[in-house]
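> give the three-dimensional model of this entry:
(chains A, B, C and D)
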There are 2 protein chains.
Amino acid sequence: MATTDRPLRKDAELNRRKILDAAGELFAERGLGVTLNDVAHHAGVGVGTVYRRFPDKAQLIDELFEERLAEIHALIEKAIEDPDPWHGLTRFLESALEIQARDRAVKELLFSTPGGAERVAKMRAQMFPLASVLMARAQESGQLRADAAPQDMPMVQLMIGTIIDLSRDFEPDLWRRLLSIVLQGLRADPGPPEPLEPAPPAPDRMQAMLTAWKPVRG
Amino acid sequence: MATTDRPLRKDAELNRRKILDAAGELFAERGLGVTLNDVAHHAGVGVGTVYRRFPDKAQLIDELFEERLAEIHALIEKAIEDPDPWHGLTRFLESALEIQARDRAVKELLFSTPGGAERVAKMRAQMFPLASVLMARAQESGQLRADAAPQDMPMVQLMIGTIIDLSRDFEPDLWRRLLSIVLQGLRADPGPPEPLEPAPPAPDRMQAMLTAWKPVRG
DNA sequence: ACTAAGTGGATATCAGTTATCCGCTTCTTG
DNA sequence: CAAGAAGCGGATAACTGATATCCACTTAGT
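Sure thing, here's the model as predicted:
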């Protein structure tokens, strides 16, 4: 749709890249809520330039995240091929969540359709059967509890995503601790629990984290 | 501060109650984001009346939730007295989360200070040592894993709170399923897992839930 | 050197929230 | 039962914050 047009002027193409880069950075660190004015400023161009290049925010986002989503898709396919099904499952969750930790916008893209991005919806639909396979394998090998369902996967991602958002600016690895707990709870054969990875933050830091937390939009 | 003034006129006092009731309902079902105009309309009075009675939203909230928070406080004190420490712990989490499920505003109050409500901060500070006792007891009895910390408690509440918010309008009890998983992950002596409580929603209902989800404010 | 393409950023527009104002109504009390 | 204080409703002023446009000016490219 965008690539069939005749080539942009050299400087325009450069600005286009600057915009895309700036948007990527800004979305990653502040979420999809950033305005195109912010993006323009951060890219060192005028607002007009951004709007000339991208009809609206949704378009820009679409273009920007096609690759990022494909990345996650690839992750799950790789996880299915892991010889140890449980290991494949946990590695997938970990790596998907690492992406979420690095990029605020990813969670928002995966778990809501701000502008009605149908592309994302399709992607999710594609991933579901893959997640089913991933989990089925871990169940057959007797490692994942039998009553876990593929539907639990996005829930876990969302729950841990909450911790990621909560602690990002204070204790960026804290989510791993909570993920350990959840994974422990998903085992079919829970032996003595493995030690919880990062120690919890000191009570006063917890306090700080909690008061900085912002609730969801109604 | 408010009670030292001379008594309100009869009709004014009545309206005052109507406003408080309406606010309680509205906050419960839509969160703290509702406007005082909404509250006024829902109470069947004019906006002016609300602003005459309450200088601003924060004041209204403060007044409204003093009791609600005390309720949670009482819950944890009761839990400490439970003869079975693990049962006390799980019952506390369940009942606290039931309140969150019933009332959208509670989570926002507990886990953020929108207007700088110091009262809430104090309350949290009071609860922390109680949570410590609750958990210590369960650890001494060998039921709660030794490396769990009181700091994990609010995290769990937040994580499950996410599921509550996600599923409230579709599958209001779904959070219990995820709580089961987390609790399983917190046991020191995990035998064969207990069956997961509510079944997961059908895939298409999951899809609906996820696309309705709104991300946090940046 | 000429023109089509591109640029910046002030600004119009829109939406949503908070809070005020003031003409009118209702209580209260002497 | 009068009179004035207290209270009421709700239109609307004042903000805030975001999106998107417009147009005088600059630059690339033939």
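
> what does chain A put close to DNA strand D?
Neighbours of DNA strand D within chain A, by C-beta under 7 Å from any atom of the strand: A:9-11, A:35-37, A:47-48, A:51-52, A:56-57. To be clear about C-beta, it is placed using only N, CA and C from the backbone, and glycine gets the same treatment.

> let's have the residues you listed in JSON lines, adding pLDDT and neighbour count.
Output for these, formatted as JSON lines (pLDDT from 0 to 100; neighbours: other C-beta atoms under 10 Å in any protein chain shown):
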{"residue": "A:9", "pLDDT": "91", "neighbour count": "8"}
{"residue": "A:10", "pLDDT": "92", "neighbour count": "8"}
{"residue": "A:11", "pLDDT": "94", "neighbour count": "8"}
{"residue": "A:35", "pLDDT": "94", "neighbour count": "12"}
{"residue": "A:36", "pLDDT": "95", "neighbour count": "16"}
{"residue": "A:37", "pLDDT": "95", "neighbour count": "12"}
{"residue": "A:47", "pLDDT": "96", "neighbour count": "14"}
{"residue": "A:48", "pLDDT": "96", "neighbour count": "9"}
{"residue": "A:51", "pLDDT": "96", "neighbour count": "15"}
{"residue": "A:52", "pLDDT": "95", "neighbour count": "13"}
{"residue": "A:56", "pLDDT": "89", "neighbour count": "10"}
{"residue": "A:57", "pLDDT": "90", "neighbour count": "18"}
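
> just those that are near DNA strand C?
Within the set of those, contact with DNA strand C (C-beta under 7 Å from any atom of the strand) is found for A:9, A:11, A:47-48, A:51-52.

> ok so, going back, which one of the residues of chain A next to DNA strand D is nearest DNA strand C?
Closest approach between the residues of chain A next to DNA strand D and DNA strand C, by C-beta to the nearest atom of the strand: residue A:48, at 1.8 Å.

> so which strand or helix has that closest one?
helix A:47-53 (DSSP states H and E).

> tell me the helix or strand right after that helix.
Sequence-wise, the next helix or strand downstream of helix A:47-53 (DSSP H and E) is helix A:57-80.

> DNA strand C contacts on chain A?
Within chain A, the positions adjacent to DNA strand C are A:8-9, A:11-12, A:15, A:44-49, A:51-53 by C-beta under 7 Å from any atom of the strand.

> mind putting the residues you listed into CSV with distance to residue A:95?
Formatted as CSV, the residues of chain A next to DNA strand C follow (distance: C-beta to C-beta, whole Å):
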residue, distance to residue A:95
A:8, 35
A:9, 40
A:11, 38
A:12, 36
A:15, 33
A:44, 33
A:45, 34
A:46, 38
A:47, 36
A:48, 39
A:49, 36
A:51, 36
A:52, 37
A:53, 32
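
> which of these sits closest to residue B:124?
Distance to residue B:124, by C-beta to C-beta, is smallest for residue A:47 among the residues of chain A next to DNA strand C, at 42.3 Å.

> check contacts around that closest one.
Contacts of residue A:47 were listed using C-beta atoms under 8 Å, 6 or more residues apart in numbering or on different chains, and they are A:36-37, A:40.

> among these, name the ones in strands.
Judged by DSSP state E, the subset of the contacts of residue A:47 located in strands is empty.

> looking at these, which one is closest to residue B:84?
The closest of those, once distances to residue B:84 are taken by C-beta to C-beta, is residue A:36, at 57.0 Å.

> surely the closest one and residue A:51 touch.
Yes - with contacts counted by C-beta atoms under 8 Å, residue A:36 reaches residue A:51, the gap being 6.9 Å.

> before we move on, the earlier item: restrict the contacts of residue A:47 to contacts with chain B.
Counting by C-beta under 8 Å from any C-beta of the partner chain, nothing from the contacts of residue A:47 sits close to chain B.

> how many other residues sit next to residue A:122?
Neighbours of residue A:122 under the rule other C-beta atoms under 10 Å in any protein chain shown: 11.

> mind giving me the packing neighbours of the one helix or strand it maps to?
Using DSSP H and E, residue A:122 sits in helix A:118-140. Counting contacts by 3 or more C-beta pairs under 8 Å, 6 or more residues apart in numbering or on different chains; DSSP states H and E, helix A:118-140 packs against helix A:57-80, helix A:85-102, helix A:104-110, helix B:203-212.
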